[in-house]
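Visitor: Coordinates for the following, if possible.
(2 chains)
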Protein chains: 2
Amino acid sequence: MSQPIVIALDAMGGDKAPEIVVLGARLALERDSQLQFLLFGDEEKLKALMPEAELSEAFKIIHAPEVISADLKGASALRQGKDSSMRMALDAVAEKKASAVVSAGNTGALMVLARFILKTLPGVDRPAIASLFPTQRGECVMLDLGANLECTTDNLVQFATMGSLFARRMFDITTPTVGLLNVGVEDQKGHEAIRDAAAQLRSLSFSGKFIGFVEGNDIPAGMVDVVVTDGFTGNIALKMAEGMGRMMTVFLRKTFAASWVAMLGYLLARGAFARLKRRLDPRRYNGGVFLGLQGVCVKSHGGTDHEGFANAIEVAASLVRGNLTASIAEEMALISALPAPAVAGA
Amino acid sequence: MSQPIVIALDAMGGDKAPEIVVLGARLALERDSQLQFLLFGDEEKLKALMPEAELSEAFKIIHAPEVISADLKGASALRQGKDSSMRMALDAVAEKKASAVVSAGNTGALMVLARFILKTLPGVDRPAIASLFPTQRGECVMLDLGANLECTTDNLVQFATMGSLFARRMFDITTPTVGLLNVGVEDQKGHEAIRDAAAQLRSLSFSGKFIGFVEGNDIPAGMVDVVVTDGFTGNIALKMAEGMGRMMTVFLRKTFAASWVAMLGYLLARGAFARLKRRLDPRRYNGGVFLGLQGVCVKSHGGTDHEGFANAIEVAASLVRGNLTASIAEEMALISALPAPAVAGA
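Guide: The predicted structure follows:
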């Protein structure tokens, strides 16, 4: 039998913890029997949620007396909360007791603690947050989504290679296409850091195929498998898309509620709508992956339900299986070994 | 009878010029008999599109032998094309022969020429491009959409005041709400320039009411009347939204095409859908306004049809009627007269 994949869970992170964490892990285990979980959190609360019989091989509770609150500043997370569920879950990965960590807790604190405890991979200046995004043609990877507000040329080049390796694992394709987000596709468009990154990516041999600049509308159009941008722009573009989705849903609801005939129309098309809803279900796209660390760390949306949390666990498991950390380390070593132009910062 | 509003049209700008320019102007005139047009472009081509009788008071053709191509760099526009339709139309505004200019031509060239010929208003460091955007609650103004990739604190503060005056005219409200686009709503989020701009706007008395930071999803939610951001982020957010709209349209089409029953559902709801389509029609949101210049300058989308072009003309006319240029000049004088903190750059 194949090796189990052990995942450390911050059982106390998120709006509906620990309930959705336990339910999510249970669901993920139903789908993937190779998984095993270390649940870090309030022992009493966790035991109340799980029948004794369940605490077998697949689930193990480890008491963590503290919880990192949603409003704690990232920097304060380092000083306080040494015995927090988040920190202890990260420690388990650092100590090789688990292969990945999943948390729905405070994003800023998770990033600070993950960098401190797991450390960045050699050759990676700054880790990035990446996530999947639905497109007309399927899905794409977008990064950075908020870890780095301002990015140098090196950061962007590293994001491109890490994002490409992530896409390779998730989409099972050999050479993902990569685009740099910009305000136009011509060479002279955008900031200096972006133009320099484009020049480097054009000559760099890496896991992806750099196709040049892409614009905002090219993301949902599915123009590339990997969209690279700084964390400020990425965060705003992602949230803008979420807001557009919500606006369209409200408008569609009003459209169908406009008359009895329209409502009847909806009832007839409802099966097809249910499929569309599943396709665009935010829970499917739950799981922001911190790329560039010595270990797999996945951030679940704080407000997700157990299905969303199970999806975040699934993402973590497939990155462990796909050996993402090792392939990023390998590609980073190749890139850093290149002569000067590749390390010219901005 | 009230004064006519004379609008200078770059009749040769855009993918389908001069046809859609002439048709658009005709449509705008039908809706607003106070308008008069100066059409700058190829006299022969324009005459062929207009019956002799039409060339009365409302339309006047002025021959412009040159056209600024879509791929000309902004800077080159200054050196070449002194007799271009775009430049001659701008000259007409500078010489007070027209109150506004509308062009569907090259955006970069139009911005460079407009700044050179019309000049920026005293107190305005950089003009910005603003446009209307549909929201759940109605519409909002968003700026900058691409004129300034990097913005200082002063730029953002000026955009906030200009955007607020624009919203006042367009939405007919006294005190528009204004938000700064950021990656979170807490005070310490974002770049230094944004944080400093927020601090200034909180203490500044201007035409709008500053409510603080807003996130990407707050734009379509209609959280504020005016969304202020740098041109890089604004351009990408706007295009991302356009792309999302297109993706949703494709998905809806597929949803209804999924079965005969779903198709029947669409047929029943089709009246309501037609209303939704009109509500989100990109032609309704055509017209990027260059704010901060000594004159009204509106950029139409290059690929629009005559209805979209007529809307851009309408926007120009309402800004002339609302005396936008004078109110911006007035507010800028007030703001620049403030003591030091208001001019601390980033």
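Visitor: quick one: low-confidence parts of the stretch 151-300 of chain A?
Guide: Scanning the stretch 151-300 of chain A for pLDDT under 70 picks out no residues.
Visitor: so where do the strands sit in chain A?
Guide: A:5-10, A:35-41, A:59-63, A:100-103, A:128-135, A:138-143, A:177-181, A:209-214, A:226-228, A:288-291, A:296-299 (DSSP state E).
Visitor: Now the first one: average pLDDT?
Guide: Strand A:5-10 comes out with an average pLDDT of 97.
Visitor: Looking at the strands of chain A, which is nearest to B:His306?
Guide: With Cβ to Cβ as the criterion, B:His306 lies closest to strand A:209-214 of the strands of chain A, at 30.7 Å. C-betas here are computed from N, CA, C, even on glycine.
Visitor: quick one, that closest one and strand A:138-143 angle?
Guide: 80 degrees (axes from the mean of the first three to the mean of the last three Cα atoms, to 10 degrees).
Visitor: Adding mean neighbour count and distance to chain B, write the strands of chain A out as JSON lines.
Guide: Shown next, in JSON lines, are these (neighbours: other Cβ atoms under 10 Å in any protein chain shown; distance: least, Cβ to the nearest Cβ, whole Å):
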{"stretch": "strand A:5-10", "mean neighbour count": "27", "distance to chain B": "21"}
{"stretch": "strand A:35-41", "mean neighbour count": "25", "distance to chain B": "26"}
{"stretch": "strand A:59-63", "mean neighbour count": "18", "distance to chain B": "32"}
{"stretch": "strand A:100-103", "mean neighbour count": "30", "distance to chain B": "18"}
{"stretch": "strand A:128-135", "mean neighbour count": "23", "distance to chain B": "7"}
{"stretch": "strand A:138-143", "mean neighbour count": "23", "distance to chain B": "10"}
{"stretch": "strand A:177-181", "mean neighbour count": "24", "distance to chain B": "6"}
{"stretch": "strand A:209-214", "mean neighbour count": "19", "distance to chain B": "10"}
{"stretch": "strand A:226-228", "mean neighbour count": "31", "distance to chain B": "10"}
{"stretch": "strand A:288-291", "mean neighbour count": "27", "distance to chain B": "13"}
{"stretch": "strand A:296-299", "mean neighbour count": "27", "distance to chain B": "15"}
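Visitor: can these go into TSV with extra columns for distance to A:Leu280?
Guide: Below are the strands of chain A laid out as TSV (distance: least, Cβ to Cβ, whole Å):
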stretch	distance to A:Leu280
strand A:5-10	27
strand A:35-41	27
strand A:59-63	32
strand A:100-103	23
strand A:128-135	6
strand A:138-143	11
strand A:177-181	21
strand A:209-214	21
strand A:226-228	18
strand A:288-291	18
strand A:296-299	21
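Visitor: Of those, give the one that comes closest to B:Gly322.
Guide: Proximity to B:Gly322, assessed across the strands of chain A by Cβ to Cβ, is greatest for strand A:177-181 (35.6 Å).
Visitor: and for that closest one, what are the contacting residues?
Guide: A:156, A:160, A:163-164, A:194, A:197-198, A:201, A:208-216, A:218-219, A:223-229, A:233-234, A:237, B:236 (Cβ atoms under 8 Å, 6 or more residues apart in numbering or on different chains).
Visitor: Just checking: what are the partner strands of it?
Guide: Here strand A:177-181 is paired, per DSSP bridges, with strand A:209-214 (parallel), strand A:226-228 (parallel).
Visitor: could I have that strand exported to PDB, CA atoms only?
Guide: Extracted as PDB, the C-alpha positions of strand A:177-181 are listed here (Å, rounded to 0.1, in the frame of the first residue of the first chain):
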ATOM      1  CA  THR A 177       1.500  29.100 -20.900                       C
ATOM      2  CA  VAL A 178       2.500  32.100 -18.700                       C
ATOM      3  CA  GLY A 179       1.500  35.800 -19.100                       C
ATOM      4  CA  LEU A 180       2.500  38.900 -17.200                       C
ATOM      5  CA  LEU A 181      -0.500  41.100 -16.300                       C
END
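Visitor: residues in contact with the most centrally placed residue in chain A?
Guide: What sits nearest the mean C-alpha location of chain A, by Cα atoms, centre = their mean, is A:Gly288, with 1.7 Å. Each residue near A:Gly288 by Cβ under 8 Å, 6+ apart is listed here: A:107, A:129-131, A:145, A:298-301.
Visitor: how far away is it from A:Val124?
Guide: Distance of A:Gly288 to A:Val124, given as Cβ to Cβ, to the nearest Å: 17 Å.
Visitor: Residue numbers of the stretch 101-250 of chain A in contact with chain B?
Guide: Applying Cβ under 8 Å from any Cβ of the partner chain, one finds that the stretch 101-250 of chain A approaches chain B through A:134-136, A:146, A:149-150, A:181, A:183, A:188, A:190-191, A:215-221, A:229, A:231-233, A:235-248, A:250.
Visitor: Are any of those buried, and if so which?
Guide: A:134-136, A:146, A:149, A:181, A:183, A:190-191, A:215-221, A:229, A:231-233, A:235-245, A:247-248 (16 or more other Cβ atoms under 10 Å in any protein chain shown).
Visitor: now, which of the residues you listed lie within helices?
Guide: If you go by DSSP state H, these have A:218-221, A:231-233, A:235-245, A:247-248 in helices.
Visitor: So in terms of bridging, what pairs with the nearest residue to A:Cys297 once chain neighbours are set aside?
Guide: Closest residue to A:Cys297 apart from its sequence neighbours, by Cβ to Cβ, 6 or more residues apart in numbering or on different chains: A:Phe290 at 4.3 Å. When bridges are called by DSSP bridges, A:Phe290 pairs up with A:Ile129, A:Cys297.
Visitor: Contacts only, for A:Phe290.
Guide: A:110-111, A:114, A:127-129, A:147, A:297-299.
Visitor: And A:Gly265, by the same measure?
Guide: By Cβ under 8 Å, 6+ apart, the neighbours of A:Gly265 are A:256, B:264-270, B:272.
Visitor: quick check, nearest of those to B:Ala17?
Guide: Looking across the contacts of A:Gly265 and measuring by Cβ to Cβ, the closest to B:Ala17 is B:Arg270, at 33.7 Å.
Visitor: For that closest one, give its distance to A:Leu319.
Guide: B:Arg270 is 45 Å from A:Leu319, by Cβ to Cβ.
Visitor: How about A:Arg31?
Guide: From A:Arg31 to A:Leu319 the distance is 16 Å (Cβ to Cβ).
Visitor: More neighbours: which of these two?
Guide: Using other Cβ atoms under 10 Å in any protein chain shown, the more surrounded residue of A:Arg31 and A:Leu319 is A:Leu319, with 23 against 12.
Visitor: Surely that one and A:Gly295 touch.
Guide: No - contact criterion Cβ atoms under 8 Å: A:Leu319 and A:Gly295 do not qualify, at 10.1 Å.
Visitor: and for these two, which residues touch both?
Guide: A:100, A:325.
Visitor: how far away is A:Gly123 from A:Ile328?
Guide: 9 Å.
Visitor: Among the two, which residue is more densely surrounded?
Guide: Counting neighbours by other Cβ under 10 Å for A:Gly123 and for A:Ile328 shows that A:Ile328 has the greater number, 24 against 20.
Visitor: pretty sure A:Asp225 contacts A:Pro176?
Guide: Yes - using Cβ under 8 Å, A:Asp225 is in contact with A:Pro176, at 3.7 Å.
Visitor: Could you pull up the contacting residues of the closest residue to chain B within the stretch 1-150 of chain A?
Guide: Closest to chain B within the stretch 1-150 of chain A is A:Gln136: 5.1 Å, counting by Cβ to the nearest Cβ. A:Gln136 is in contact with A:220-222, B:246-247, B:250-251, counting by Cβ under 8 Å, 6+ apart.
Visitor: closest to B:Leu27 among the contacts of A:Gly288?
Guide: Taking Cβ to Cβ as the measure, B:Leu27 lies nearest A:Leu145 of those, at 43.3 Å.
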